[in-house]
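Attaching a predicted model along with its sequence, questions to come.
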Amino acid sequence: MKFKLLTPFILLGFALACGHKPQSGKINIQIPWPDGPGYKLQFVPVGFTDLRDLTGPDVEFFEKPSITGDEVSQQYRLVGASPVGKFSAISEGNYVPATYESLLLATMYAHIERLNAHLKGLGYGSLISLPRKVGVNPRFRFTEGRNTNNAVYIPDLDGIFVYPYEKSGLPLAFNGGVLAHEYFHAIFHHIFYKHLKPKKNTESLFVAPSNHFNIYASANRPSVCNFTPSFRDSCGKAEDFSNEEVSSVVLGSMNEGLADTWAWIYTDDTDFLIKSFNEERNSLRKLDGDFCNLPTQQGVRDIWAKITRFNDVKCNREKAGEIMGAYRYSYGTNLSRFLISFTKSGKIQRQELAVLILETLKKMIATHRNETKFTLSFDTFINLFLETVRELKKEITPEQCSIYTKIIPEGGAKVCTK
């Protein structure tokens with residue numbers, strides 16, 4: 001999908017930038033905004049308090065940021081220039097970006113502002129701090145080939161970072177689903193991950209080589225349902241893998257799958273990623289596809305030992321990040337498809353699903369907060385999710401029960417009908 005939005009603000013490039021303060025308390029900026037199945041230029045209220053400095057209560061921007069800090073203390077700080085906005089006032093309170101950067105930043109601000117309001121409306125506004133940090137075109141690089149066409153959340157900096165987009169689809173900075181996906185990683189970090197005690201043993205929760213999450217994994221992802229068994233004695237057996245290693249597969253998959261689900265909750269779009277990555281049209285990242293049962297705890301442990309790629313993780317640690325990321329996206333997509341299908345098949349609204357997810361994560365951390373060793377499985381989350389549905393007095397339809405027993409076939413029917 002070729003993105004053709006440049007003309008309106010390029011033609012206005014000769015105009016003088018507006019003053020620091022808006023002409024009134026209301027600011028409407030023409031930005032690419034969701035419209036049915038696509039996006040089109042619309043005037044959207046944006047909460048800037050200063051149009052030149054691009055400041056406001058919801059977002060703090062960093063242009064071409066870098067990281068300073070100490071690896072020993074693991075204290076890091078974000079350093080970057082403050083961008084300068086340029087807009088043309090075309091009528092009282094209505095502005096058109098005069099530069100591409102201004103268009104990009106105004107659009108991101110509008111989405112993050114609404115994601116903040118959404119979280120507050122759910123009763124979780126105090127979970128993450130404001131303003132949210134957003135870095136554009138970061139100077140730091142993580143993985144070869146990921147320096148463009150990517151967006152990440154970095155827990156150590158508690159910020160979202162958007163790299164330059166060089167494809168022909170919807171730029172990531174304009175894609176509300178992509179921003180919602182990264183936004184959820186912050187939610188997951190603050191509501192769950194940072195409260196776990198064995199942090200040193202759960203580093204593999206994060207897609208390597210550092211603590212960040214990729215919206216797009218370039219590795220060849222395995223099938224959601226079909227794995228090809230392969231076993232090499234030199235790489236160890238199932239019991240050789242630690243509880244933390246097994247749990248990291250589950251938690252990483254949950255993080256990615258729930259982030260995709262959050263993107264759907266925000267956009268009502270199961271194809272949000274395809275708008276920016278057309279090559280994903282027939283891939284496992286589509287959220288409206290079929291799903292199969294997720295592996296049990298022992299199943300995940302067996303996969304560690306029996307799948308060639310996971311053998312490579314054990315024997316060749318330098319490949320762990322890319323390989324683990326690929327499998328997490330596969331399991332995560334399966335989880336997301338389940339949650340979306342479960343929601344659509346019953347009397348649950350998207351906003352109610354958001355509450356169910358947050359409440360389920362609260363239950364999980366209440367169980368594991370003080371554990372120094374833990375082993376999770378996918379049915380841990382699924383069963384707590386169903387328990388939360390019941391507690392909120394949501395009716396579980398026969399179709400939903402069928403969906404539940406499909407993803408957790410071992411004992412699922414008994415749990416669902418009790």
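Ah, there it is.

okay, Val162: pLDDT?
As summarised for this prediction, Val162 has a pLDDT of 95.

Any regions of the stretch 101-250 of the chain where pLDDT drops low?
Low-confidence segments of the stretch 101-250 of the chain, defined by pLDDT under 70: 141-146, 197-246.

Please enumerate the helices of it.
Shown for the stretch 101-250 of the chain, the helices assigned by DSSP state H, counting those that start in this stretch span residues 176-191, 243-267.

again, but for the stretch 251-400 of the chain
297-306, 308-315, 320-344, 350-368, 378-391, 398-407.

among the ones you listed, which is nearest Leu273?
helix 320-344 (10.2 Å; CB to CB). For the C-beta atoms, the positions are set from N, CA and C on the backbone; glycine is no exception.

so can I have TSV of the helices of the stretch 101-250 of the chain showing distance to Ser129 and mean neighbour count?
Shown next, in TSV, are the helices of the stretch 101-250 of the chain (distance: least, CB to CB, whole Å; neighbours: other CB atoms under 10 Å):
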stretch	distance to Ser129	mean neighbour count
helix 176-191	9	25
helix 243-267	18	24
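
what's the first-to-last distance across stretch 75-86?
The first and final residues of stretch 75-86 sit 35 Å from each other (CA to CA, to the nearest Å).

residues touching Phe188, list them.
By CB atoms under 8 Å, 6 or more residues apart in numbering, the contact list for Phe188 reads 254-255, 258-259, 361.

which two in these are spaced the farthest apart?
Within the contacts of Phe188, two members stand farthest from each other by CB to CB: Ala259 and Leu361, at 12.3 Å.

list the contacts for Gly257?
331-336, 339.

repeat that with 6 Å
With contact set as CB atoms under 6 Å, 6 or more residues apart in numbering, Gly257 has these partners: 332, 335-336.

Likewise for Arg285?
Each residue near Arg285 by CB under 6 Å, 6+ apart is listed here: 273, 333.

Repeat that for the one 5 residues further on.
The neighbourhood of Asp290, defined by CB under 6 Å, 6+ apart, contains no residues.

For it, give its distance to Trp262.
Computed as CB to CB, to the nearest Å, the Asp290 to Trp262 distance reads 21 Å.

Equivalent analysis for Asp70, please.
If you measure Asp70 against Trp262 using CB to CB, the figure is 33 Å.

quick one, phi/psi of the closest residue in space to Ser66 that isn't next to it in sequence?
Counting by CB to CB, 6 or more residues apart in numbering, Ser66 lies nearest to Arg139, which is 4.5 Å off, once chain neighbours are set aside. Summarising the backbone geometry of Arg139 under the convention degrees, to the nearest 10, its torsions are phi -80, psi -30.

and Arg139, how many residues sit next to it?
The tally of other residues near Arg139 (other CB atoms under 10 Å) stands at 11.

again with Thr68
The local packing of Thr68 (other CB under 10 Å) involves 9 other residues.

In contact with it, which residues?
The contact partners of Thr68, by CB under 6 Å, 6+ apart, come to 77, 79.

Show me the contact partners of stretch 262-273.
Contacts of stretch 262-273 from elsewhere in the structure, counted by CB under 6 Å, 6+ apart, are 176-177, 180-181, 184, 280, 285, 287-288, 340, 350, 354.

Go ahead and produce PDB holding the CA coordinates of it.
This file holds the C-alpha atoms of stretch 262-273, laid out as PDB (Å, rounded to 0.1, in the frame of the first residue of the first chain):
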ATOM      1  CA  TRP A 262      -4.000  -4.600  22.800                       C
ATOM      2  CA  ALA A 263      -3.400  -3.300  19.300                       C
ATOM      3  CA  TRP A 264      -6.600  -4.900  18.200                       C
ATOM      4  CA  ILE A 265      -8.500  -3.500  21.200                       C
ATOM      5  CA  TYR A 266      -7.300   0.000  20.300                       C
ATOM      6  CA  THR A 267      -7.800  -0.200  16.600                       C
ATOM      7  CA  ASP A 268     -10.400  -3.000  16.000                       C
ATOM      8  CA  ASP A 269      -8.100  -4.100  13.300                       C
ATOM      9  CA  THR A 270      -6.700  -7.700  13.000                       C
ATOM     10  CA  ASP A 271      -4.500  -6.600  10.100                       C
ATOM     11  CA  PHE A 272      -2.800  -3.600  11.700                       C
ATOM     12  CA  LEU A 273       0.700  -5.000  11.000                       C
END
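
any chance of the helices of the stretch 101-250 of the chain in a markdown table, with distance to Thr397 too?
Putting these into a markdown table (distance: least, CB to CB, whole Å) gives the following:
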| stretch | distance to Thr397 |
| --- | --- |
| helix 176-191 | 26 |
| helix 243-267 | 19 |
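
Compare the ones you listed and give me the one nearest His118.
helix 243-267 (6.8 Å).

Kindly calculate the angle that the closest one makes with helix 320-344.
Angle, helix 243-267 to helix 320-344, by axes from the mean of the first three to the mean of the last three CA atoms, to 10 degrees: 50 degrees.

Okay, angle between helix 243-267 and helix 378-391 too, please.
In terms of direction (the same axes, to 10 degrees), helix 243-267 departs from helix 378-391 by 40 degrees.
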